[in-house]
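S.K.: sequence plus the predicted model coming up.
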Protein chains: 2
Amino acid sequence: MAGQSRDNSQYTTDVTRKSEDTIDFEIIELLFFAYRDFTGDPDAILEKSGFGRAHHRVVHFVNREPGMTVADLLDTLKITKQSLARVLKQLIDSGYIRQVTGPEDRRQRMLYTTKEGQALARALAEPQSRRIADALAKTGPGAREIVKRFLVNMKNSAAD
Amino acid sequence: MAGQSRDNSQYTTDVTRKSEDTIDFEIIELLFFAYRDFTGDPDAILEKSGFGRAHHRVVHFVNREPGMTVADLLDTLKITKQSLARVLKQLIDSGYIRQVTGPEDRRQRMLYTTKEGQALARALAEPQSRRIADALAKTGPGAREIVKRFLVNMKNSAAD
DNA sequence: GAGGATATGTCAGCTTTGTTGACACAATTC
DNA sequence: GAATTGTGTCAACAAAGCTGACATATCCTC
């Protein structure tokens, strides 16, 4: 499988011909390692709280968009309401998130982080943010804008 | 909790002072969305094979480094051997991966993808590679090198 | 050659976090 | 008044991680 000694000397920079043979295993792999270690950062804090990564995501998004409804959160996380209910209930019972009946539509539950929830969200984000800042600094000036655009282009545009 | 009307007007653009107040929520979030949709790509293929993401990772890495041992794979994936055993056994029984007794150390099992395993690895990587290529193209020239360096800097350097 | 260390496999049970299906209830809308 | 919508909840199940314990074969050391 390694005998590709054709006359294509430096084809690696040619991205236009993305045939069957040119699969970007390198970036695929780097994404795996980067994300694995990135999500590993908050684990120590989560263990102390007795929470998992599912709780992390909920606290993060509610903190980022205060007043979002349960339906909003389900749409963001792309999980079922039964999955969400489990972790959300624990976070409410533990005093990290509170619910407010929707002012217009009283069926809705607007979600807010408490002071403790904000502190938790910040504590969890801190090592991740530091890792990102360090990586961007090492990568060079202008890296943030490029990386940001790349990540935006990587996610699905439509159903968000 | 929201009454922070001090005299700090425009501190948001100042990135040099990475104090408690400047957390990069934006990139954190983008990483989540990008990775979520990136890993969602192979799901359709995996479902047809009856495999999950754990199988995907195993096939990918064995395909990338033929002849790697079980210990190598455990170190790469950072999971326990009991977790690996489950999916590895299924992949061997299904004929996607085969084991060869180590030529020097006969306790070792060198892992190789079969022809079917290679085809599976390629099929799973293809949509992910396409997504990456599209995202890089949209981001602009030179993006690949910057993104690659960023990802390398994001992962833990030591224990790899 | 005996004994300890190493590489791998396996059994059993548990946890987290996702899933489907079904149903309840209040509030809104038609 | 009837249908729809937003949310909560019960029950069962699946994927994929974990710990602990133990077996076997092989290698390495004294």
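M.R.: Yep, it's here.

S.K.: could you list every residue that touches A:F38?
M.R.: For A:F38, the contact set (CB atoms under 8 Å, 6 or more residues apart in numbering or on different chains) comprises A:128, A:131, B:31, B:154. For glycine as for every other residue, the C-beta is placed from the backbone atoms N, C-alpha and C.

S.K.: neighbour-wise, which of the residues you listed leads?
M.R.: Among those, B:M154 has the most neighbours (other CB atoms under 10 Å in any protein chain shown), with 25 neighbours.

S.K.: got the contact list for the lowest-mean-pLDDT helix or strand in chain A?
M.R.: In chain A, no helix or strand scores lower on mean pLDDT, DSSP states H and E than helix A:43-49, which sits at a mean of 89. Contacts to helix A:43-49, defined as CB under 8 Å, 6+ apart, come from residues A:52-53, A:55-56, A:120, A:123-124, A:127.

S.K.: would you point out which residue is most central in chain A?
M.R.: For chain A, A:R57 is the residue whose C-alpha lies nearest the centre (CA atoms, centre = their mean; 7.7 Å).

S.K.: thought that residue was touching A:L77?
M.R.: Yes. Between A:R57 and A:L77 there is a contact under CB atoms under 8 Å: 6.1 Å.

S.K.: for DNA strand D, what's the nearest residue on chain A?
M.R.: Nearest to DNA strand D, among the residues of chain A, is A:A71, at 3.1 Å (CB to the nearest atom of the strand).

S.K.: mind listing what that residue touches?
M.R.: So A:A71 contacts A:Q108 (CB under 8 Å, 6+ apart).

S.K.: that one and A:L88: what is the separation?
M.R.: Going from A:A71 to A:L88 by CB to CB, to the nearest Å gives 12 Å.

S.K.: residues in contact with the top helix by length along chain A?
M.R.: Taking DSSP state H as the criterion, chain A has its longest helix at helix A:115-139. The contact list for helix A:115-139, computed with CB under 8 Å, 6+ apart, reads A:37-38, A:41-42, A:45-46, A:49, A:56, A:59-60, A:62-63, A:91, A:95-97, A:113, A:143-144, A:147, B:1, B:15, B:18, B:20, B:22-25, B:27-28, B:146, B:149-150, B:153-154.

S.K.: make TSV out of the contacts of helix A:43-49 and add pLDDT, neighbour count and distance to A:D105.
M.R.: Converted to TSV, these look like this (pLDDT from 0 to 100; neighbours: other CB atoms under 10 Å in any protein chain shown; distance: CB to CB, whole Å):
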residue	pLDDT	neighbour count	distance to A:D105
A:G52	95	13	31
A:R53	95	13	31
A:H55	97	22	27
A:H56	97	22	29
A:L120	96	26	29
A:A123	95	15	33
A:L124	96	26	31
A:P127	96	16	38
